[in-house]
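Engineer: Mind folding the following:
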Amino acid sequence: MKSKSINGASPIEIQFALADCIKDNFKPTLAIVFISVKQDRQAVVDLLMKHNIDVIGATSSGEFIDGHQSESEITILLLDISRNDYSILFEDIGDRGLEKATASLVDNAFQKFKDPAFILITTLIRSDGKLLDGEGMVKFIEKLAGPDITMFGGMAGDDLSFSGTWIFTHKKTTDYGIAALVLDETKIELHGLAFSGWKPMGVSRIATKSEGNLIYTIDDRPALEMYLHYLGHEVSSNDDQIDFFDQVGVHYPFQIERENREPKMCNPIGYDREKQALICESDVVQGSRLRFSTPPDFDIIETVISKASELKNDRQAEADALLIFSCAGRMSALGPMAQEENEGLAKVWNTPMAGFYTYGEYGKGLNGKHEFHSTTCSWVAIKEKS
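Structural biologist: Sure, this is the predicted structure:
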């Protein structure tokens with residue numbers, strides 16, 4: 001398998017970049033697209049389809065390839081993978097509910113391949129505020145496909161506007177659904193890891209009143225008041241919700257305790273001042289035990305890259321392509337180091353890379369389980385078996 005990554009600030013720039021990379025007889029069959037909501041998605045899809053290239057993609061909150069990171073642009077990973085070795089599945093959830101949509105996805109995957117592996121691309125937030133439950137989806141997949149099923153991927157972004165995220169293929173698009181690049185694991189190897197680096201602080205606390213993605217009280221105190229007081233922050237009447245997410249929420253996520261799993265990282269993405277409630281990026285079950293977090297130390301980048309090197313060396317693995325799904329919070333909290341992290345991973349695997357900043361990540365945690373994550377860098381190296 002051969003791969004190349006391209007980027008552009010418009011569909012026209014993508015047209016020129018594509019023409020340049022296929023002139024040496026490179027004939028990609030598949031494009032994985034990460035694109036700003038400000039861009040013309042359909043124009044990019046139409047361009048790729050003219051070259052008989054299948055498409056799966058998501059809107060982003062920043063995108064990157066080798067040596068380049070952008071905002072409000074377009075990034076594409078192109079692969080010349082055999083069409084016998086992959087399938088693109090798409091589920092618009094609609095009124096069916098997440099469980100039925102997930103069951104359909106898993107059933108179709110096993111109809112395609114005996115040993116399917118999933119690169120998941122999902123929405124997070126619909127224009128009416130409806131959230132997709134990433135953790136619930138992972139549990140449904142695990143229940144139907146078994147605990148050892150391979151899952152990597154990310155939730156679509158929307159340039160940190162939280163107004164609506166989108167996923168798409170060359171045939172369909174939705175703001176509330178699941179798309180999956182399903183790979184035949186008898187033909188394709190996947191090696192990857194998801195790692196956060198945020199450290200817990202203080203004692204466990206209880207979400208004593210919550211509903212959906214709103215936390216009203218923590219230890220019976222107003223959640224917004226307690227959160228900001230504990231961190232030494234204030235919210236003025238002029239504060240914007242996006243500023244709150246960018247300056248506070250992504251730096252100090254919650255770690256929600258889970259039985260026999262790593263804690264679930266959960267960013268506060270806004271607040272309801274009248275109700276003194278925190279708005280979180282995913283649902284928080286009432287009674288959940290949680291801890292506050294501090295941002296990672298400066299050695300986080302070295303840790304992520306060294307763990308990738310260890311995995312590669314231990315498995316004597318190689319890669320034909322690399323995908324990275326990095327939380328939008330990392331871009332804000334780590335600054336330029338987030339790009340160093342992405343490019344360091346690409347150097348470890350010495351292969352074309354593409355990725356985007358997400359609203360949630362899917363991947364294999366340090367405990368060996370494939371989980372739903374937040375504030376995490378989840379990466380997967382893909383290699384055609386010889």
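
Engineer: list the buried ones in the helix or strand A19 falls within?
Structural biologist: Element membership for A19, per DSSP states H and E: helix 11-21. Neighbour counts over helix 11-21 (16 or more other C-beta atoms under 10 Å) mark 11, 14-15, 17-18, 21 as buried. No exception for glycine: its C-beta is placed from N, CA and C like everyone else's.

Engineer: Now for those residues: which two are most distant?
Structural biologist: The largest separation in the buried residues of helix 11-21, counting by C-beta to C-beta, is between P11 and C21 at 15.5 Å.

Engineer: got the domain boundaries for the chain?
Structural biologist: Domain ranges of the chain: 3-195+298-384, 199-294, per automatic domain parsing.

Engineer: and these as JSON lines, adding mean pLDDT?
Structural biologist: Formatted as JSON lines, the domains of the chain follow (pLDDT from 0 to 100):
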{"stretch": "domain 3-195+298-384", "mean pLDDT": "96"}
{"stretch": "domain 199-294", "mean pLDDT": "87"}
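
Engineer: Out of these, which one sits most buried?
Structural biologist: Greatest average neighbour count among these goes to domain 3-195+298-384 (a mean of 20), per mean count of other C-beta atoms under 10 Å.

Engineer: roughly how far out does that one sit from the chain middle?
Structural biologist: Distance of domain 3-195+298-384 from the chain centroid (C-alpha atoms, centre = their mean, to the nearest Å) equals 7 Å.

Engineer: Can you show me the helices along the stretch 151-300 of the chain?
Structural biologist: Applying DSSP state H, counting those that start in this stretch to the stretch 151-300 of the chain gives helices spanning 223-231, 241-244, 300-315.

Engineer: Out of these, which is closest to K199?
Structural biologist: The closest of the helices of the stretch 151-300 of the chain to K199 is helix 300-315. By C-beta to C-beta, the value is 9.9 Å.

Engineer: Other residues contacting that closest one?
Structural biologist: Residues outside helix 300-315 that contact it (C-beta atoms under 8 Å, 6 or more residues apart in numbering): 191, 193, 195, 197, 317-318, 334, 337, 340-341, 344-345, 348-349, 377, 379, 381.

Engineer: can you do 10 Å?
Structural biologist: With contact meaning C-beta atoms under 10 Å, 6 or more residues apart in numbering, helix 300-315 is reached by 189, 191-193, 195-199, 296-297, 299, 317-319, 322, 326, 330, 333-334, 337-350, 364, 366, 376-377, 379, 381.

Engineer: Pull whichever helix or strand comes after that helix out as PDB, backbone CA atoms only.
Structural biologist: Using DSSP H and E, the helix or strand that directly follows helix 300-315 along the chain is strand 321-327. Extracted C-alpha coordinates of strand 321-327, given in PDB (Å, rounded to 0.1, in the frame of the first residue of the first chain):
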ATOM      1  CA  ALA A 321       0.200   5.400   6.600                       C
ATOM      2  CA  LEU A 322      -0.500   7.100   9.900                       C
ATOM      3  CA  LEU A 323      -3.700   8.700  11.200                       C
ATOM      4  CA  ILE A 324      -3.800  11.000  14.300                       C
ATOM      5  CA  PHE A 325      -6.900  12.000  16.200                       C
ATOM      6  CA  SER A 326      -5.900  14.700  18.700                       C
ATOM      7  CA  CYS A 327      -8.300  16.500  21.000                       C
END
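
Engineer: quick one: contacts for the residue positioned nearest the centre of the chain?
Structural biologist: In the chain, the centroid-proximal residue (C-alpha atoms, centre = their mean) is G154; its distance is 2.1 Å. Going by C-beta under 10 Å, 6+ apart, G154 touches 34, 58, 60, 119-122, 124, 134, 323-328, 355-363, 373, 376, 378.

Engineer: Can I get the helices of the stretch 151-300 of the chain in JSON lines including distance to V106?
Structural biologist: Formatted as JSON lines, the helices of the stretch 151-300 of the chain follow (distance: least, C-beta to C-beta, whole Å):
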{"stretch": "helix 223-231", "distance to V106": "36"}
{"stretch": "helix 241-244", "distance to V106": "36"}
{"stretch": "helix 300-315", "distance to V106": "27"}
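
Engineer: Show me the one of those that comes nearest L78.
Structural biologist: Closest to L78 of the helices of the stretch 151-300 of the chain, according to C-beta to C-beta: helix 300-315, at 22.7 Å.

Engineer: can you give me the strands in the stretch 201-350 of the chain?
Structural biologist: 209-211, 214-218, 221-222, 254-256, 264-266, 268-272, 277-280, 289-294, 321-327 (DSSP state E, counting those that start in this stretch).

Engineer: Which among those is found nearest to S72?
Structural biologist: strand 321-327 (16.8 Å).

Engineer: any idea of the angle the closest one forms with helix 300-315?
Structural biologist: 140 degrees (axes from the mean of the first three to the mean of the last three C-alpha atoms, to 10 degrees).

Engineer: What strands line up against strand 321-327, and which way round?
Structural biologist: strand 353-358 (parallel), strand 377-384 (antiparallel) (DSSP bridges).

Engineer: Tabulate those in CSV, adding columns for distance to A180.
Structural biologist: Output for the strands paired with strand 321-327, formatted as CSV (distance: least, C-beta to C-beta, whole Å):
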stretch, distance to A180
strand 353-358, 15
strand 377-384, 13
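
Engineer: re earlier: the helices of the stretch 151-300 of the chain: which one's closest to K50?
Structural biologist: Comparing those by C-beta to C-beta, helix 300-315 comes nearest, at 36.2 Å.
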